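J.: generate a structure from the sequence data that follows.
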Amino acid sequence: MREQSLRFGTEIITETISKVDLSKRPFRYWTEFNQDGLPDTADTLIIATGASARRLDLPGEDRYWQNGISACAVCDGAVPIFRNKHLVVIGGGDSAAEEAIFLTKYGSHVTVLVRRDVLRASKTMAKRLSSHPKIKILYNTVAVEVKGGDKGLMNALRVKNVKTGEESELEANGLFYAVGHDPATSL
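T.: A predicted model of the protein is given here:
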């Protein structure tokens with residue numbers, strides 16, 4: 001989309017826009033660093049706000065975010081801290097299956113935590129996931145706490161079986177969330 005837009009003479013502004021006035025043309029907008037100044041104008045606006053990965057607000061999550069915890073296997077999976085290590089993916093849908101399969105290229109093995117007793121992933125993805133030799137699926141299991149070591153990196157994950165209430169600890173050097181995204185729609 002970017003290439004096509006540029007071919008047609010579009011000016012792309014990659015700044016945070018703090019305010020827009022769409023009541024008349026040309027539209028007026030203010031950038032984050034010019035909130036009180038004169039607005040810029042445009043005949044057309046494409047508002048691409050994106051989305052933010054959902055987080056689980058686990059104890060230890062903030063401390064180890066980007067120090068062992070990520071929401072993008074493709075973005076971060078090849079980072080050296082994950083190489084040949086035990087990695088964990090949280091989620092039961094197609095995205096979680098894709099992330100887990102992708103991470104097998106880098107990690108020694110991957111554990112997928114699924115809070116239900118079945119995957120929500122499509123049959124094809126579920127079969128690929130469950131038959132992969134480097135992937136283990138823990139059903140009825142949720143994460144309850146992220147732990148780390150003296151190097152400031154995640155090194156363990158406390159998990160709980162939702163049916164039995166039994167808790168245990170997994171040694172893991174990476175945790176990838178695949179639990180959805182929230183649209184960044186507030187203006």
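J.: what sits against the residue positioned nearest the centre of the chain?
T.: Centroid check for the chain by CA atoms, centre = their mean gives Ala71 as the closest residue, at 2.3 Å. Contacts for Ala71 (CB atoms under 8 Å, 6 or more residues apart in numbering) come out as Ala53, Arg54, Arg55, Phe176, Tyr177, Ala178. (Each C-beta comes from the backbone N, C-alpha and C, glycine too.)
J.: the protein: strands as residue ranges?
T.: In the chain, the strands defined using DSSP state E lie at 17-21, 27-31, 40-42, 51-53, 69-70, 86-90, 109-114, 135-139, 141-148, 154-161, 167-171, 174-177, 181-183.
J.: any idea which of the ones you listed is most buried?
T.: Each of the strands of the chain was scored by mean neighbour count; the highest is strand 174-177, a mean of 28, by mean count of other CB atoms under 10 Å.
J.: give me the contact list for that one.
T.: Here strand 174-177 has contacts from 53-56, 64, 68-73, 76-77, 81-82, 85-91, 99, 103, 107, 143, 146, 154, 157, using CB under 8 Å, 6+ apart.
J.: CA atoms only for it, dumped as CSV, please.
T.: The C-alpha coordinates for strand 174-177 follow below in CSV (Å, rounded to 0.1, in the frame of the first residue of the first chain):
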residue,chain,number,x,y,z
GLY,A,174,11.1,-17.1,26.0
LEU,A,175,7.4,-16.4,26.2
PHE,A,176,5.4,-15.4,23.2
TYR,A,177,1.8,-14.1,23.5
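J.: tell me the strands beside that strand, with direction?
T.: strand 69-70 (parallel), strand 86-90 (parallel) (DSSP bridges).
J.: no further questions, thank you.
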